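Enquirer: the sequence and its predicted three-dimensional model are supplied below.
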Amino acid sequence: MTISGKTRLYGIIADPISHVRAPTLFNPKLAAAGIDAVVVPLHVAPADLPALFAGLRALRNFDGLFVTVPHKTAAAALCDALDDEARMTRAVNAIRRGADGAMRGAMFDGAGFVAGLRADGIEPSGLPAHLVGAGGAAVAIAFALTRAGVARLGLSNRSRAKAEELAARLWASFPGIPVEVTDDPGDARLIVNATSLGLRADDPMPLDPARLVPSAVVADIIMDPAETRLLRAAAARGLKIHHGRHMLDHQARLLAEFLGMAI
Ligand code: ATR
C-alpha cells in the first residue's frame, strides 16, 4: 500500500487501542480492491472526543470512523444524524463524514447478528424468540430481532429493571410485537445469549437448554471461546446452535458498505 496525497482517511477510535482489528482487517482488502484509502488507529480518551470530532469535521480527506469501546454511546451523541438502529440503541459503531462535514452515525451490532442468522439458514421472521441480557449488545439485538419481525420476544436479565426498560422501549417502537419480561423461554424457537456469561469456563449458563423445545435454535454472541458451555449443552441435546463469530463476520461487511468501501 502506498499513501499518496490523494489517499482518503478512515480511523478507528478506541481506548485502549492496541487490540483493535479494523486496520489489519480492512487495509489489505482496500489494497486488494485498488481503493486509495487507509484505516488508521486513533487513540482518544473519552474526555477528548468532542475535540476530536471538531477536528474531523474540518478534515476534508477524512471519510469515516469505526467506533468501539468505550466510545459507542458518547460518539452517538456527537453525530449530526443517526440511522434507525443507532437512534434506538443510542450508540454507534460507524460514522460517515459527508462532503459538508456532517457526521452520520450507524449501528450494525443487531443488523450484523440478523444477517449472520440468515446466512446460517435461520429466518427470525415469525419465530417466537427469547433473549437473555439487557446490556449494549442485547439492546441492539432486541431491536434488530423485533424489526426483523419475530412473532414475540421474551426478555430475561439478571437486573430485571433493565429488561423492563428495554421492553418498554421496544413496545414504543414496535407496538405490534408482544414483548414480555420472563425467565421462562416457553416454546421459543430462537434463543439468544447476549450476556457475558460464557466468557469464563466456570460461568453458569444464562439459561438451561433442558427447558427448550426440540426445534429451538440456540445462539450465543460470545466469540471466545467459540463454543460456550451453553452451546455445547444445547448441541448435546440435539438443538441447532449458532456461533458468536457470525455476528462479527457480517457486521464487518455492513460497516464497510456503510463507510463507502467497495471491498
Ligand atoms: P455489552 O455491551 O457487551 O452487552 P454490558 O452492557 O455490560 O455489556 O452487558 C452485559 C450483560 O451481561 C448484561 O445483561 C448483564 O446483566 P446486568 O444487566 O444484570 O448487569 C449480563 N451479565 C454480566 N455478568 C453477569 C452475571 N454474572 N450473571 C448474569 N448476567 C450477567
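Expert: Received it, and whenever you're ready, just let me know what you need.

Enquirer: tell me where this protein has strands.
Expert: 8-14, 37-43, 62-67, 81-82, 94-97, 103-106, 128-132, 152-156, 179-181, 190-193, 217-220, 240-242 (DSSP state E).

Enquirer: rounded mean pLDDT for the second one, please.
Expert: The pLDDT scores in strand 37-43 average 98.

Enquirer: cool, the fourth one as well?
Expert: When the per-residue pLDDT values of strand 81-82 are averaged, the result is 98.

Enquirer: what do you get for the fifth one?
Expert: In this model, strand 94-97 carries a mean pLDDT of 97.

Enquirer: please name every helix or strand in contact with it.
Expert: Counting contacts by 3 or more C-beta pairs under 8 Å, 6 or more residues apart in numbering; DSSP states H and E, strand 94-97 packs against strand 62-67, strand 103-106, helix 245-258. Yep, even glycine has a C-beta here, placed from its N, CA and C like the rest.

Enquirer: what's in contact with it?
Expert: 56-57, 59, 62-67, 75, 79, 103-108, 255, 258-260 (C-beta atoms under 8 Å, 6 or more residues apart in numbering).

Enquirer: again, but for the second one
Expert: The set of residues external to strand 37-43 that reach it, using C-beta under 8 Å, 6+ apart, is 1, 3, 7-18, 20, 22-23, 26-27, 30, 52, 63, 65-66, 261.

Enquirer: mark which of the residues you listed are buried, thanks.
Expert: Buried by 16 or more other C-beta atoms under 10 Å: 9-14, 20, 22-23, 26-27, 30, 52, 63, 65-66, 261, out of the contacts of strand 37-43.

Enquirer: keep those residues, but drop any that are not near the ligand.
Expert: Among these, no residue lies close to the ligand (C-beta under 6 Å from any ligand atom).

Enquirer: interface residues of the stretch 51-200 of the chain facing the ligand?
Expert: 133-138, 157-159, 162, 195-197.

Enquirer: give me that answer again for 8 Å
Expert: Counting by C-beta under 8 Å from any ligand atom, the stretch 51-200 of the chain comes close to the ligand at 132-139, 157-159, 162-163, 194-197.

Enquirer: quick one: contacts for S18?
Expert: Per C-beta under 8 Å, 6+ apart, neighbours of S18: P41.

Enquirer: which ones are touching the single nearest residue of the stretch 101-250 of the chain relative to the ligand?
Expert: For the stretch 101-250 of the chain, the residue closest to the ligand is G135, as judged by C-beta to the nearest ligand atom, at 1.9 Å. Listed by C-beta under 8 Å, 6+ apart, the contact set of G135 reads K162, A194, T195, S196.

Enquirer: pull out the buried residues from those.
Expert: The buried subset of these - by 16+ other C-beta under 10 Å - is K162, A194, T195.

Enquirer: for those residues, give me TSV that also has pLDDT.
Expert: Shown next, in TSV, are those (pLDDT from 0 to 100):
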residue	pLDDT
K162	97
A194	97
T195	96
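
Enquirer: and these as CSV, adding distance to P206?
Expert: Converted to CSV, the buried ones among the contacts of G135 look like this (distance: C-beta to C-beta, whole Å):
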residue, distance to P206
K162, 14
A194, 9
T195, 5
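
Enquirer: which ones among those map onto helices?
Expert: K162 (DSSP state H).

Enquirer: for D208, state which of the buried ones among the contacts of G135 is nearest.
Expert: T195 (14.3 Å; C-beta to C-beta).

Enquirer: number of nearby residues for the nearest residue to the closest one once chain neighbours are set aside?
Expert: Of all residues not flanking T195 in the chain, G133 sits nearest, at 4.0 Å (C-beta to C-beta, 6 or more residues apart in numbering). For G133, the neighbour count with other C-beta atoms under 10 Å is 25.
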